[in-house]
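> Turn this into a structure:
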Amino acid sequence: MPDYLRETAARVSNWGRWGADDRRGTLNLIDDEAVRRGMAAARQGKVFSLTYPFDEDGPQLGFIPGRVNPERKMISLNHSMSGDPGDFTSSDDVVTMGVQASTHLDSLAHVGYDGLLYNGLSDTTTDETGSTELGIEKVGPVVSRGILLDIARVHGVDFFDDAHAIGGDDLDKAAALGGITVMPGDVVCVRTGHQHWLRVGNKVHYSYPTPGLGQKSIEWIRDHDVAIVATDTIVFECYPPEDPAAMLPVHMINIRDIGLTQGQNWALDALAADCATDGQYDFLLTATPLPFTRAVGGPVAPTAVK
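A predicted model of the protein is given here:
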């Protein structure tokens, strides 16, 4: 990683902030006040699912080996335990998928560099059995205030054609558009409109190029002490990268140094349309990932209540 990014990483580091044994990073910022603030944002009773479908037609194209779209098949069909169909019968199915294939959260074991993960843990704490220290089960229940920062709307577009790099200025303008003051413990949902490419069947463009968080967003995230940042893209950050010498630097610094839980493939368009109509850009958000023990990511079905 270039020296200028290492300097940024040192400035934003949360290592030791919540003690040497901390395994949750910025999730520690979701305190009682943040939960109450989220509950107070559920003013209308409108409910929005922020989840992409979990099926074989998901967004993955095989660029990351093994991160397969959800494949579901029946393993039992109207089976009678007694052999008499007039008695109890049941059906069951099984799913095979990459835990980060569709709507998900990354665990803090997902990304490191220089042999280290968040809070100075050795990357050897992740082995063939998974993450012994930073698995997705460490996330726990996620309930807080969610806020929508509509970057596409700020720029007067429905979606971006290119790899627009979102900086702190973009995020500030989106907060101002929504009349939002970003508070510690908030979950920030960043909309780029990139879901458009999935709707029109162009999964290649959904994968590349993609708008997303740029290098100039890193200090904004740390300065605002947000708990989670989630986007409506597959990469999360701007790709191709702004600096060819730095591959996925936002992932590296956010996860490894800030201890930020990241979300990807969140469906934000329906929520954004409603926010633009009624002017309410904050909401109660629930987003607890499936707690697969030692997993480095977890599928999630986030729900927004306005």
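> what's the distance between the closest residue to Asn28 other than its chain neighbours and Thr26?
Excluding the flanking residues, the one nearest Asn28 by C-beta to C-beta, 6 or more residues apart in numbering is Trp18, at 4.8 Å. Backbone N, C-alpha and C define where each C-beta goes, glycine included. Shown here: Trp18 relative to Thr26, a distance of 9 Å by C-beta to C-beta, to the nearest Å.
> Comparing these two, which residue is more hemmed in?
Between Trp18 and Thr26, counting by other C-beta atoms under 10 Å, Thr26 is the more crowded of the two (25 against 17).
> Contacts only, for the more buried one.
Counting by C-beta atoms under 8 Å, 6 or more residues apart in numbering, Thr26 makes contact with Asn14, Asp225, Val226, Ala227, Ile228, Ile258, Gly259, Leu260, Thr261.
> Checking it next. Helix, strand or coil?
Following DSSP: H, G, I helix; E, B strand; the rest coil, Thr26 is assigned to helix.
> so what pLDDT did His164 get?
pLDDT recorded at His164 is 97.
> And for it, the neighbour number?
21.
> mind checking how far it is from Tyr239?
11 Å.
> and for those two, which residues touch both?
With C-beta under 8 Å, 6+ apart as the test, His164 and Tyr239 both reach Gly212.
> re earlier: just the contacts of Thr26 now: which is nearest Val187?
Within those, the smallest distance to Val187 is 4.4 Å, found for Ile228 (C-beta to C-beta).
> Was I right to think Leu77 contacts Ser91?
Yes: the pair Leu77 / Ser91 is scored as a contact, 5.3 Å apart, by C-beta atoms under 8 Å.
> Which of the three states applies to the most far-flung residue of the chain relative to its centre?
Largest separation from the mean C-alpha position in the chain: Asp84, at 47.2 Å (C-alpha atoms, centre = their mean). Here Asp84 takes the coil state, with states given by three-state DSSP.
> so where's the longest strand in this protein?
Criterion DSSP state E: the longest strand present in the chain is strand 71-80.
> who's in contact with that one?
Contacts of strand 71-80 (C-beta under 8 Å, 6+ apart): 54-56, 85, 87-97.
> What is the end-to-end distance of stretch 255-262?
Stretch 255-262 has an end-to-end distance of 8 Å (C-alpha to C-alpha, to the nearest Å).
> My error: substitute stretch 260-269 in the last question.
24 Å.
> Equivalent analysis for stretch 175-195, please.
The first-to-last residue distance of stretch 175-195 comes to 21 Å (C-alpha to C-alpha).
> Now do it, average pLDDT.
98.
> buried stuff in it?
175, 177-178, 180, 182-195 (16 or more other C-beta atoms under 10 Å).
> before we move on, what about stretch 217-237?
Buried-residue list, stretch 217-237, by 16+ other C-beta under 10 Å: 217-222, 224-237.
> Equivalent analysis for stretch 69-89, please.
Neighbour count says stretch 69-89 has Asn69, Pro70 buried, by 16+ other C-beta under 10 Å.
> same check, this time on stretch 155-165
For stretch 155-165, by 16+ other C-beta under 10 Å, it's His155, Phe159, Phe160, Ala163, His164, Ala165.
> Give me the pLDDT for the first one.
Going back to what we said before, that points to His155. pLDDT, His155: 98.
> which ones are touching it?
His164, Asp170.
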